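# A structural model of the following input is requested.
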Amino acid sequence: MKNLKYDLYLSLGMHGRLGRDVIEQMEEAKKFCKMYNVSYYSPCDDEIINPDRIIDAKPNRRRMRGFVRKDDRNVDLSCTLLLLTGDKNSSGTLWEAGRMRYLNRRHVLLVAPKMYRNQLVNFSTIKALKIFDDIEPAVKWVAKNKARLRKKISRGEL
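Have a look, this model is predicted:
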């Protein structure tokens, strides 16, 4: 069993969104992680995101391959994946969640207000361990349960 570096992998859809919105959402998640002493990996931290531009879905293949390798590696080093844009998944977040759940056999949590209120139901509603209406309760839940989750992962119980 590999040594896990992070309690959380913070996943969010980026393409087609204004850079500023992505940065603000990730900063909010990071703020709560720090507040509740939850270690995290943020894919935004080592990517250049222009706050004043829409994030383009057309980077070149070499650059995208690098993003995918980097993100796969950090998903593998994380105990749990928190999908911040659970109501509106992107292809990247779906692959990350699939890798976490089916390759690593670890949990996926969603911040998905519509799913939380039963206004949206899809595969993610059924497959996620838990669904939250906002970021803070999700991070708070991880903080409360991280020792138990790490123990279960080390025993191969997930």
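
# And the helix or strand hosting M26, how far out from the chain middle?
Assessed by DSSP states H and E, M26 sits inside helix 19-35. Mean C-alpha position of helix 19-35 versus that of the full chain (C-alpha atoms, centre = their mean, to the nearest Å) differs by 12 Å.

# and what of stretch 45-63?
18 Å.

# Stretch 30-41 now?
Its chain's C-alpha centre lies 13 Å from the corresponding centre of stretch 30-41 when counted by C-alpha atoms, centre = their mean.

# end-to-end on it?
Distance across stretch 30-41, first residue to last, is 9 Å (C-alpha to C-alpha, to the nearest Å).

# per-residue confidence averaged over it?
In this model, stretch 30-41 carries a mean pLDDT of 98.

# Repeat that for stretch 44-54.
Here stretch 44-54 scores 86 as its mean pLDDT.

# in this protein, which spans are strands?
Along the chain, counting by DSSP state E, strands occupy 6-11, 40-41, 78-83, 107-111, 130-132.

# As a markdown table, those with distance to K146 and mean neighbour count would be great.
The C-beta positions use only the backbone N, C-alpha and C, and glycine is treated the same way. Shown next, in a markdown table, are the strands of the chain (distance: least, C-beta to C-beta, whole Å; neighbours: other C-beta atoms under 10 Å):
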| stretch | distance to K146 | mean neighbour count |
| --- | --- | --- |
| strand 6-11 | 5 | 25 |
| strand 40-41 | 11 | 23 |
| strand 78-83 | 7 | 26 |
| strand 107-111 | 11 | 24 |
| strand 130-132 | 14 | 20 |
